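In: Coordinates only, no sequence provided:
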């Protein structure tokens, strides 16, 4: 059985991913921010409060979880707030991703990592965007998401890293 770990599992996108993985019959370990949104009860999900800003805590939690795949959905999601909260946006999106990546690399587990990126990394365009469209992030949020991607894919070693550059999404349970 696949063990899937979802960071940011109490958030909007992570919460919906948890539901999908459970419906597919996967074993799910769901990380949420200590003191953050309380997780909603989901049958078959093991919840763990993990501070991604503390690498030792991340390493220990990964050793307990031993996932086959990690879906990294945790992050600072608000473009507008990134102008006033630049430091915390970079802390959450870049440094916390760095801790996760380095802890996974150190485990030599061959775990697959899926990082939730953002289409905000692309230059504004009136034409449809493609993966090879020019990059030109235009906010602290967008710069942090591009840096997050770069941290995840740089010298990934035994990690299998995929980046999904999501566009705006909305729906039930979104704040």
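Out: Cool, got the structure. Since we're looking at a predicted model, the values are computed, not measured.

In: And the longest helix seen in the chain, what's buried?
Out: Taking DSSP state H as the criterion, the chain has its longest helix at helix 140-153. Neighbour counts over helix 140-153 (16 or more other C-beta atoms under 10 Å) mark 140-149, 151-152 as buried. Placement of C-beta: from N, CA and C, glycine included.

In: and if you look at stretch 121-129?
Out: Neighbour counts over stretch 121-129 (16+ other C-beta under 10 Å) mark 121-122 as buried.

In: Torsion angles phi and psi at the residue located most distally from the centre of the chain?
Out: Within the chain, the residue lying farthest from the chain centre (C-alpha atoms, centre = their mean) is residue 126, at 28.4 Å. Here the main-chain torsion angles of residue 126 (degrees, to the nearest 10) amount to phi -90, psi 0.

In: For residue 78, state which of the buried residues of helix 140-153 is nearest.
Out: Nearest to residue 78 among the buried residues of helix 140-153 is residue 141, at 7.1 Å by C-beta to C-beta.

In: and the gap between the closest residue to residue 81 other than its chain neighbours and residue 173?
Out: Nearest non-adjacent residue to residue 81, counting by C-beta to C-beta, 6 or more residues apart in numbering: residue 89, 7.4 Å away. Per C-beta to C-beta, to the nearest Å, residue 89 is found 22 Å from residue 173.

In: of the two, who's got more company?
Out: Ranked by neighbour count (other C-beta atoms under 10 Å), residue 89 and residue 173 place residue 89 first, with 24 against 11.

In: any idea how far that one lies from residue 163?
Out: Distance, residue 89 to residue 163, by C-beta to C-beta: 18 Å.

In: what do you get for residue 126?
Out: 25 Å.

In: and if you look at residue 131?
Out: Taking C-beta to C-beta as the measure, residue 131 falls 10 Å from residue 163.

In: When these two are compared, which one has more neighbours?
Out: Neighbour comparison, residue 131 and residue 163: the larger count goes to residue 163, with 20 against 7 (by other C-beta under 10 Å).

In: Assign that one to helix, strand or coil.
Out: Under DSSP: H, G, I helix; E, B strand; the rest coil, the three-state class of residue 163 is strand.

In: which regions of this protein lie under the pLDDT threshold?
Out: Within the chain, the segments meeting pLDDT under 70 span 155-156.
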